[in-house]
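Enquirer: Give me coordinates for this.
(2 chains)
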Amino acid sequence: MTVTFVIIDDNEEIREHALLFTLEDKYQNIIFFSNPSEGLQYIKGNLDINLIVLLDIEFSDNDKKNGHILLEEIYNASALIPVILWSGINETKEEFSDFINNQAFGFLSKTSTIKESMVIIDKAYNHLKNSLDNTIEDWIISNETDKEKPIYLTADGETYSLNDILKEIRLQTPIGKEFSSKLNALTIDLLLRKKENL
Amino acid sequence: MANNRKDSITFNFDVSAYRLLGRELITDRITALFELVKNAYDANAENVSVEFQNINPLSTDSKIIIKDDGIGMQFSDIKNKWMVIGTSSKRRERLSPPPHRRKVSGKKGVGRFAVDKLGEKLILKTKKKEDKQLLCLETDWSHYSGLENSQFKLNFEDEKPFFTDVENSYWYEDSLKNNQGTILEISLVSEIWTKDDINRAYKELSKLVSPNTDIKKTYPFNITIKAPYEGFENKIVKTQLIDFATEKIQLSYNIDKETQEILQYNKIEKYLSIKNVPKRPCGLLKLNIYYFNEEDKARYRKHFGTTLDGIKIYRDGIITTPFAEYVSDRNKKKDILGIDKRRWSGFFDRLSNRDLLGYVEITDENNPNIIESTNRQGFVDNEAWGELHSFVIEQISQLEQYLSNLKKTQRKATKSNLGGTNKDLKELKKDIALIKKDASPVVKEKLKNIEANLGKIQGSVNKSIKEYAKLEKETKQKENLFFSLVSLQTYAAMFSHMTKHTIGHILTSAEYFNNNYPNPKLENRFIKISKNIYNEMLKLRKGVDFMLKYAKSDTEFEEINLKDLVTNLFNDIYYDRFLKENINTEIAINEELILNYNRKSIEDIFDNLISNSIKALKGIDNKHIKCSSITTKNDLTILFSDNGIGIKEEDRFRIFDIFFTKTSEDGGAGMGLYMVKTRVEAMQGNIEVVENEFKPNGATLKITLPFKK
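Expert: Next up is the predicted model:
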């Protein structure tokens, strides 16, 4: 699975942080934004690829958008993206509320070592890898011929191929969300009726 | 739920909405009472009475009756407004009907659901002026809560009755012509109301309308409490007008010029003045602050039987919901404006909510972005709220400076009074000695006694003077110690933040080396990282140096030639930097000017001014920095100017506040100008922003240092 790391931090020096070098060595695709709005724009424009976001919480006063607001906006754009808060301030209640309300994936302190940080980052990677959209993607990669087959028919007569579905899920469209929940229901149903063995 | 009466209508909501709105938003019965009285205000009532009958002990005769002479309701109002939750007509029509045209305070349509906090059964009687009969409606909340309980026990699939199925009977009663209003008769009262409770209700209701509003003059709004306790038989609720305040401050605005008045303490002239600044993002507002010293606080307490409760926000004359929440334990009272949360509050003559009464007057029109949060606990955290909050804090801190200097002046007066007394005593002794010469033996004997007593008094006055001097010295020492502690604490906060980042950076960099070195492919990385480590180390060193500066400041004095000092900074220390940034400099200082002061302090001042200017000049063509001096008989004035981005009019009076920065992206921490200010003030001087020397843009700071006489 390929993944792109988006790092948003208003401190330019972070661009050359050893953690980012390590991520680049291991996962190749790293994009750094010192302007939060540009970072958000990039995320919104690339919902169809695998993203993991490292987000600074405390921006300078000039940036109207602080990390909390940004986290909320990313979550509203897509709930599938793991966002890891990366901050120099101490963990306080505020972060906890972010974990709950806006589904932050984890919290990294600026004083964490690379080793400590990679534990959370790898966890986010595995989380993505095991997600529904990536399972579909893996299927497409290993069964190229299934890619364009129409597999899903909506009430208003639209047909969707596996590839279309993948896109709809990643963009978190109503169709994508509907498909995910129906698929889950179907799996449970099959299991209960002992029609399938997983 | 069969009913023998003919007609019935139903509430149009379900269980969760009821719980959420009625019970969980209005948590306290005094708050509930408050909400109901507010409804009367919104209905153009001029008189509201809150009557408590047989409420201690409780019986079947216990009642709370809230009666107003407002516009009343018709059947259609009851059916379409009163009975429907969340559809507040007040949200659409922001003014109550003519002729009152009051700004209505309720918006959420929740107030009426506060009733069940007070008692389980409500009979509402209402009449509009033109109607002939009273419309009566009975609501038995116990039906609702009973239903709610049974709903929780039922399985999902079971058929359940909805809240909307509960029937509320209504009927008509004869009434006098021409009168209007609404009566809420609450029975099955839920809790005993003691005299204390009534007194609390009284005090809370007295805060409903701001004492500074002009509501009262045109259409009065009177609240009367009637309760079976002494003093409350027919008590008119009055706002606690503040006649006892030691200091009164009134700030307003000019709507045509869009300027806001702010408070400014003039350090040299030692008085508080009002300045006009452009409108801040929170919108134009009025602020009345009343400060009470210990003596006046005691008088206030004695008169009103209550303590001061800080600064509150009123919208269109009516208290905003976060401040209308009743909290019994005042220690648990939320400090919504953050007045007591400030660092070192309680020291250095910092004022707290317990020393102040205040009224921030905002309006719907002027301050649309100040929004009360739905949970009634505070305000929506946006830019406007942030600005409003700092506006209030800024005014308080100006007042604090004024009071603290007043204290100093008073101390001086006490000292000279003591000295004067000593002198008087000496004179008195002289006079007695003169009289003694010619007096009879009996008188002489008496005078001898008086002389002896005078001697004793003189002794104790002398002792007092000595003690006072000693105390003064100790206080001064303590104050100095506190000051250095404060700067240290502030600095420590910044320093630890900086070191945390820096150490994190160095740590991971070293770790990267440790993990990957050697690896020819990563050669480029290693170069970058080692450079980073070097830079981060430099940052650390700078931080430590800065801290050392604090550790050894203001000790030794020496003679300093101001021109030499500034020239040294401009032409040697900052030479490379100025060259690199392409900055032209100009020094116009009198050669002869010698200051007798601590060199480090003076260097600090100019050091900070220079680095401040460099940041302000970023991205400007044709950069200039100029330092000039003017000497008069009494003082030395230094002007420091640049043609950089300048200081916005609205920031003019707060750029010296600690952590106030407009250059954070260039490493500004809001320390520099604060340090300049503290240093200048330590020299008994003053610093302010004046009209910029360079046009069209730029900034000029004026430092005035008095000569010692």
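Enquirer: would you put the C-alpha positions of stretch B:620-629 in CSV?
Expert: Output in CSV follows, covering the C-alpha atoms of stretch B:620-629 (Å, rounded to 0.1, in the frame of the first residue of the first chain):
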residue,chain,number,x,y,z
ILE,B,620,10.0,46.9,3.0
ASP,B,621,12.0,48.8,0.3
ASN,B,622,14.5,51.5,1.3
LYS,B,623,14.7,50.6,5.0
HIS,B,624,15.4,53.2,7.7
ILE,B,625,16.1,53.2,11.4
LYS,B,626,16.6,56.5,13.2
CYS,B,627,17.5,57.3,16.8
SER,B,628,17.4,60.9,18.0
SER,B,629,17.3,62.7,21.3
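Enquirer: quick one: low-confidence parts of chain A?
Expert: Scanning chain A for pLDDT under 70 picks out A:58-66, A:89-102, A:195-198.
Enquirer: Strands of that one, start to end?
Expert: Defined through DSSP state E, the strands belonging to chain A, from first to last, are A:4-8, A:29-33, A:51-55, A:83-87, A:106-109, A:150-153, A:159-161.
Enquirer: Need the winner for burial among those.
Expert: A comparison of those by mean neighbour count, using mean count of other C-beta atoms under 10 Å in any protein chain shown, puts strand A:51-55 on top with a mean of 24. Every residue, glycine included, has its C-beta placed from N, CA and C.
Enquirer: In stretch A:170-179, which of the residues would be classed as buried?
Expert: Counting neighbours by 16 or more other C-beta atoms under 10 Å in any protein chain shown, one finds that the buried residues in stretch A:170-179 are A:170, A:172, A:175-176, A:179.
Enquirer: Oh, that last question was meant for stretch A:136-151, not what I typed.
Expert: A:136-137, A:140.
Enquirer: count of residues packed around the closest residue to chain A within the stretch 201-350 of chain B?
Expert: Here the residue of the stretch 201-350 of chain B nearest chain A is B:Pro281; by C-beta to the nearest C-beta that distance is 11.2 Å. Neighbouring residues of B:Pro281 were enumerated by other C-beta atoms under 10 Å in any protein chain shown; the total is 14.
Enquirer: cool, and B:Leu308?
Expert: 24.
Enquirer: if I pick it, what's in contact with it?
Expert: B:Leu308 makes contacts with B:292, B:297, B:300, B:353-357, as judged by C-beta atoms under 8 Å, 6 or more residues apart in numbering or on different chains.
Enquirer: Which members of those residues occur in strands, if any?
Expert: Residues of those located in strands (DSSP E): B:356-357.
Enquirer: PyMOL command to pick out the buried ones of the contacts of B:Leu308?
Expert: What follows is the PyMOL syntax selecting those of these that are buried according to 16+ other C-beta under 10 Å:
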select buried, chain B and resi 292+297+300+353+355+356+357
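Enquirer: For chain B, see how far away the most centrally placed residue in chain A is.
Expert: Here the mean C-alpha position of chain A is nearest to the C-alpha of A:Ile81 (C-alpha atoms, centre = their mean), at a distance of 1.7 Å. Look at A:Ile81 and chain B: by C-beta to the nearest C-beta, to the nearest Å, they are 24 Å apart.
Enquirer: beta partners of the residue lying closest to that residue once chain neighbours are set aside?
Expert: Counting by C-beta to C-beta, 6 or more residues apart in numbering or on different chains, the nearest residue to A:Ile81 once its immediate chain neighbours are dropped is A:Leu51, at 5.0 Å. On the basis of DSSP bridges, A:Leu51 takes part in beta bridges with A:Thr4.
Enquirer: Tell me how far A:Leu51 lies from chain B.
Expert: Relative to chain B, A:Leu51 is positioned 22 Å away (criterion: C-beta to the nearest C-beta).
Enquirer: Enumerate every residue touching that residue.
Expert: With contact taken as C-beta under 8 Å, 6+ apart, A:Leu51 is in contact with A:3-6, A:43, A:81.
Enquirer: cool, B:Lys528 as well?
Expert: The contact partners of B:Lys528, by C-beta under 8 Å, 6+ apart, come to A:Glu16.
Enquirer: who touches stretch B:438-454?
Expert: Applying C-beta under 8 Å, 6+ apart, the set of residues contacting stretch B:438-454 from outside is B:425, B:428-429, B:432-433, B:435-436.
Enquirer: which helices and strands sit right next to the lengthiest helix in chain A?
Expert: In terms of residue count, the longest helix belonging to chain A (DSSP state H) is helix A:174-192. Under the contact definition 3 or more C-beta pairs under 8 Å, 6 or more residues apart in numbering or on different chains; DSSP states H and E, helix A:174-192 sits against helix A:162-170.
Enquirer: still on that earlier bit, quick one: which of the buried residues of stretch A:136-151 is nearest B:Ile587?
Expert: Compare each of the buried residues of stretch A:136-151 with B:Ile587 using C-beta to C-beta and the shortest gap goes to A:Glu137, at 68.4 Å.
Enquirer: List the residues that contact the closest one.
Expert: Contact partners of A:Glu137, counting by C-beta under 8 Å, 6+ apart, are A:1, A:166.
Enquirer: could you redo the last one with a cut-off of 10 Å?
Expert: A:1-2, A:50, A:129, A:131, A:162-163, A:166, A:169-170 (C-beta atoms under 10 Å, 6 or more residues apart in numbering or on different chains).
Enquirer: and if you look at B:Lys623?
Expert: With contact taken as C-beta under 10 Å, 6+ apart, B:Lys623 is in contact with B:578, B:581-585, B:613-614, B:616-617, B:642-644, B:698.
Enquirer: Of these, which is the most crowded?
Expert: The most crowded member of the contacts of B:Lys623 is B:Asp642, carrying 30 neighbours; neighbours defined as other C-beta under 10 Å.
Enquirer: how close does it get to chain A?
Expert: The spacing between B:Asp642 and chain A, counted by C-beta to the nearest C-beta, is 20 Å.
Enquirer: SS state for the residue nearest to that residue when sequence neighbours are not counted?
Expert: Of all residues beyond its chain neighbours, the one nearest B:Asp642 is B:Ser613 (4.0 Å), with distances taken as C-beta to C-beta, 6+ apart. Under DSSP: H, G, I helix; E, B strand; the rest coil, B:Ser613 falls in the helix class.
Enquirer: dump the residue contacts of B:Ser613.
Expert: Applying C-beta under 10 Å, 6+ apart, we find B:Ser613 in contact with B:583, B:585, B:623-627, B:640-644, B:698-699, B:701.
Enquirer: can you give me the angle the longest helix of chain A makes with helix A:162-170?
Expert: With axes from the mean of the first three to the mean of the last three C-alpha atoms, to 10 degrees as the criterion, the two stretches helix A:174-192 and helix A:162-170 enclose an angle of 110 degrees.
Enquirer: State the distance from B:Glu233 to A:Leu190.
Expert: Here B:Glu233 is placed at a distance of 77 Å from A:Leu190 (C-beta to C-beta, to the nearest Å).
Enquirer: Could you export the buried residues of stretch A:170-179 as TSV, including distance to A:Ser117?
Expert: As requested, the buried residues of stretch A:170-179 are arranged in TSV below (distance: C-beta to C-beta, whole Å):
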residue	distance to A:Ser117
A:Arg170	26
A:Gln172	28
A:Ile175	36
A:Gly176	31
A:Phe179	35
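Enquirer: of all those, which comes closest to A:Ala18?
Expert: Minimum distance to A:Ala18 across the buried residues of stretch A:170-179 is 30.9 Å, recorded for A:Arg170 (C-beta to C-beta).
Enquirer: re earlier: quick one: residues contacting the nearest residue to the residue of the stretch 201-350 of chain B closest to chain A once chain neighbours are set aside.
Expert: Residue nearest to B:Pro281 in three dimensions, not counting chain neighbours: B:Glu387, with 4.6 Å by C-beta to C-beta, 6+ apart. B:Glu387 sits next to B:280-283, B:369-370, B:650 when contact means C-beta under 10 Å, 6+ apart.
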